[in-house]
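> the sequence and its predicted three-dimensional model are supplied below.
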Amino acid sequence: MDVCCLNRPFDDQSQDRIRIESEAVLAILNRCLYDWALIGSEAIDYEISKIPDDERKIGVKVLAAISRDRVTVDESILRRASELEYIGLKALDALHLACAEKSAEVMLTTDDEIVKKVMANNSLVKVRVGNPVRWLMEVIENES
């Protein structure tokens with residue numbers, strides 16, 4: 001999960017989309033406590049450190065602490081992130097994606113622009129990227 005996902009439960013829940021995405025994020029994190037593995041990274045830690053609201057920052061840190069593994073940013077990840085910027089991703093988003101490529105089966109984000117850019121360049125990206133609601137629904141359907 002990128003930091004957009006980890007922030008979602010602390011966003012204004014009066015909008016249906018935000019509330020539904022929050023519920024999906026929390027359900028996924030719950031499964032990560034006993035079944036799945038949430039993977040953190042130095043990029044995630046850095047982005048969380050930049051959250052200006054201290055209360056939100058603490059809450060996001062608590063959610064991120066569920067991570068079982070942590071990716072350390074090295075030269076190969078920095079090079080890959082630089083390559084991923086060419087598909088139109090912002091530097092930090094490209095860094096998150098490069099970390100995910102190294103360690104995960106899927107990178108979840110609530111950022112529609114990231115999903116669109118990856119889908120448009122699917123053959124260049126080495127990990128699945130998706131919205132947590134859609135991904136969770138697919139997983140639940142496949143478990144049935």
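Sure thing, it's come through. Numbering: from 1, shown residues only.
> Ile20: which element?
Element membership for Ile20 (DSSP states H and E) is helix 16-32.
> check which residues of stretch 5-24 are buried.
5-11, 21-24 (16 or more other Cβ atoms under 10 Å). For every residue, glycine as well, the C-beta is placed using N, CA and C.
> and stretch 92-106, by the same measure?
So stretch 92-106, judged by 16+ other Cβ under 10 Å, has buried residues 92-104.
> for stretch 46-59, same thing?
47-48, 51, 56-57, 59.
> next step: the residues you listed restricted to helices.
Among the buried residues of stretch 46-59, DSSP state H puts 47-48, 56-57, 59 in helices.
> want to throw those into JSON lines with distance to Met137 and pLDDT?
Putting those into JSON lines (distance: Cβ to Cβ, whole Å; pLDDT from 0 to 100) gives the following:
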{"residue": "Glu47", "distance to Met137": "26", "pLDDT": "97"}
{"residue": "Ile48", "distance to Met137": "27", "pLDDT": "98"}
{"residue": "Arg56", "distance to Met137": "27", "pLDDT": "98"}
{"residue": "Lys57", "distance to Met137": "30", "pLDDT": "98"}
{"residue": "Gly59", "distance to Met137": "25", "pLDDT": "98"}
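> from the residues you listed, which is closest to Arg68?
Of all these, Ile48 has the smallest distance to Arg68: 17.1 Å, by Cβ to Cβ.
> so the closest one touches Lys61, yeah?
Yes. Counting by Cβ atoms under 8 Å, Ile48 does reach Lys61; the two are 5.9 Å apart.
> for this protein, which segments are assigned as strands?
Ranges of strands in the chain, per DSSP state E, are 39-41, 69-71, 106-108, 128-130.
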